[in-house]
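Participant: Return a 3D structure for these sequence lines:
(one chain, ligands or ions: 1)
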Amino acid sequence: MDLGLAGQVVVITGGANGIGRATAQAFAREGARIVIADISDGADDDVPAAAQEIVEAGGEAIFVRPDVTSMSEVERLRDQALEAFGRLDVLVNNAAKLPTSTTAPFFWDEDPEEWDGLIDVALKGTLNCSKVIGDHLRQNGGGSIVNLSSDSARRGEQRETTYSAVKAAIIGFTQSAAIGLGPAQVRVNCVSPGRTITERHDRYRADIIAQGGEAAAAFEDREKRALKLYPLRKFGRPDDVANVIVGIASPVMSGHVTGQILSVNGGYHVG
Ligand SMILES: NC(=O)c1ccc[n+]([C@@H]2O[C@H](COP(=O)([O-])OP(=O)(O)OC[C@H]3O[C@@H](n4cnc5c(N)ncnc54)[C@H](O)[C@@H]3O)[C@@H](O)[C@H]2O)c1
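Facilitator: Numbers count the residues shown, from 1 in each chain. Model prediction:
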């Protein structure tokens, strides 16, 4: 099936790692031209690895390094993307700072110093990029915005209270922006992953297991208990989420879909 994405220009925030990186590759396989916007490059400061791997595979991609919490840096991102490709069609608001205090048993044990980072990157970053790039889409015939929430927002997560609140705000933003931007033919949807095992998780898991002892045993026990919450009895992988983001951005597959929240979660949250 031709998804109608060939030649379209797709901006993916946080596209240097994890779900964002898999999403960049999935759009590139459809012939889209890719703008990876990340504060990191996934490798080292000289090598924009995530964009380079697309170019080496025969695709078109550039790497831009904005901090999405800064409106002026997001404006620079828009300008650099337009300079490279002359148009913009799709924005994927994927960048986020994920909670680090995953061992905090509850909200009261969270370090308040972490709150600003969680709120600023995921929520303010989504607002900044949607305003600057969404305005361009609005004035140039339409396009698609895909926001990343999390099923921790749909179901609640004892260990990720503030993160869940931020991700719930993104659902509210998606629904409101879809109504506001609809008449300009800009579709706004939200993809909501359950636990998705990225290379970051693989590294974290390997470190804990390598420590052995009680920490490793407790981690493995939590993992086993968590798996029971997933009817498909597996966690997601970045490609599982990336393929759904591409499908919902596609004007062919999802041209009449806007304001929707779609979980990719092995059944963790149903309804
Ligand atoms: N992995 C999961 O289990 C999971 C589950 C639910 C939702 N999500 C959501 O999916 C998205 C991607 O998650 P992931 O696990 O791939 O994350 P990740 O940490 O692997 O990647 C996030 C990327 O965002 C970038 N980033 C951070 N701050 C930035 C900033 N200020 N400006 C620009 N870029 C910045 C990082 O450099 C990184 O490359 C996030 O929105 C996350 O909340 C992930």
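Participant: Tell me how far the residue of the chain positioned farthest from its centre lies from Arg33.
Facilitator: Going by Cα atoms, centre = their mean, the residue of the chain most distant from its centre is Gly213, 34.2 Å out. Between Gly213 and Arg33 the distance is 49 Å, computed by Cβ to Cβ, to the nearest Å. In this view, the C-beta of every residue, glycine as well, is placed from N, C-alpha and C.
Participant: For this structure, which residue gets nearest to the ligand?
Facilitator: For the chain and the ligand, the shortest gap (Cβ to the nearest ligand atom) falls at Gly18, measuring 2.3 Å.
Participant: Can you name the residues that contact that residue?
Facilitator: Neighbouring residues of Gly18 by Cβ atoms under 8 Å, 6 or more residues apart in numbering: 196, 198-200, 238.
Participant: tell me the two of those that are most distant?
Facilitator: Thr196 and Glu199 (11.1 Å; Cβ to Cβ).
Participant: Comparing the two, which shows the higher neighbour count?
Facilitator: Per other Cβ atoms under 10 Å, whichever of Thr196 and Glu199 has more neighbours is Thr196, with 22 against 12.
Participant: Could you report the pLDDT at the residue most central in space within the chain?
Facilitator: Nearest to the mean C-alpha position of the chain, by Cα atoms, centre = their mean, lies Asn94 at 2.3 Å. On the pLDDT scale, Asn94 is placed at 98.
Participant: Against Pro238, how distant is it?
Facilitator: Using Cβ to Cβ, Asn94 is found at 11 Å from Pro238.
Participant: next one: Leu181
Facilitator: In terms of Cβ to Cβ, Leu181 sits 27 Å off from Pro238.
Participant: hang on, the earlier thing: next up, the contacts around the residue nearest to the centre of the chain.
Facilitator: 12-15, 19-20, 23, 148.
Participant: give me that answer again for 10 Å
Facilitator: For Asn94, the residues meeting the contact criterion (Cβ atoms under 10 Å, 6 or more residues apart in numbering) are 11-15, 17-21, 23-24, 37-38, 68, 122, 125-126, 129, 146-148, 191, 241-242, 245.
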